[in-house]
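Undergrad: sharing a sequence plus its predicted fold:
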Amino acid sequence: MATFVILILIGYLLGSIPSSYLSMRLFTGKDIRTIGTGNATVTAVLLHGGKRPALVALLAEIAKAGICVLIAHIMVGELWASFVIVVAAVIGCNWPIWLRRGGGQGMTIGVSGLVLINVLAVLVMAAWYIIPMVVTRRHVLSNRLFRLSMPIVLWLWYDSWEYALAGCLIVMPSLVKELVTGDDVVAARKAGGVG
């Protein structure tokens, strides 16, 4: 039980480091939480800050996921520990201790962590985004299908409701935030910020 709690605390603290916020501040001097949807996501940084700050934010999010999975591997060495720490990092990204409001959505950390855990399962999930996007050209629909596929694919892949629950916990905060604040790409298109 102590290991479980330690994994959650480490994951939350790592995930709550506001990479997108810091990258946007460093490169543009702007507060990403006051632009567009107000979510401090890598996508928002790309749309409102440009490629360089977005790349730095993306690499930082991937690094956080990598550190989480590495810590879980060193501390426990079992699959469940990697899922626990990644879920905690996603929650930390959404509701960071370092910012009073306006965290990210955690999808970059969640997907990066899953790639490190099981790249083949993530490729199956990616098809749930790519195929609808090619057919319909509707980003929001494709994005939601990708997110909804995560718990389903994890459940079928591992034949375990626990991993399906982990998938739900990875995507639920981002779905809720998207429904409340909107999608960064859609908001930027409406504002004329992206083609």
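TA: Received, thanks. This is a predicted model, so every value here is computed, not measured.

Undergrad: centre-most residue in the chain?
TA: Most central in the chain under CA atoms, centre = their mean is Met107, positioned 1.5 Å from the mean C-alpha point.

Undergrad: select the longest helix from the chain.
TA: helix 51-75 (DSSP state H).

Undergrad: pull stretch 132-149 out as CSV, backbone CA atoms only.
TA: The C-alpha coordinates for stretch 132-149 follow below in CSV (Å, rounded to 0.1, in the frame of the first residue of the first chain):
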residue,chain,number,x,y,z
PRO,A,132,-12.3,8.7,-38.9
MET,A,133,-10.1,11.7,-39.6
VAL,A,134,-9.3,10.5,-43.1
VAL,A,135,-13.0,9.6,-43.8
THR,A,136,-14.8,12.6,-42.2
ARG,A,137,-12.1,15.3,-41.8
ARG,A,138,-13.6,16.0,-38.4
HIS,A,139,-11.0,16.6,-35.7
VAL,A,140,-13.3,16.7,-32.7
LEU,A,141,-15.1,13.4,-33.7
SER,A,142,-11.8,11.7,-34.4
ASN,A,143,-10.2,13.0,-31.2
ARG,A,144,-13.2,11.8,-29.1
LEU,A,145,-13.2,8.4,-30.8
PHE,A,146,-9.4,8.0,-30.0
ARG,A,147,-10.1,8.9,-26.4
LEU,A,148,-13.0,6.5,-26.1
SER,A,149,-11.0,3.7,-27.7
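
Undergrad: show me what the helix or strand containing Thr43 is packed against.
TA: If you go by DSSP states H and E, Thr43 is part of helix 42-49. For helix 42-49, the packing partners by 3 or more CB pairs under 8 Å, 6 or more residues apart in numbering; DSSP states H and E come out as helix 19-28, helix 51-75, helix 184-190. Every residue, glycine included, has its C-beta placed from N, CA and C.
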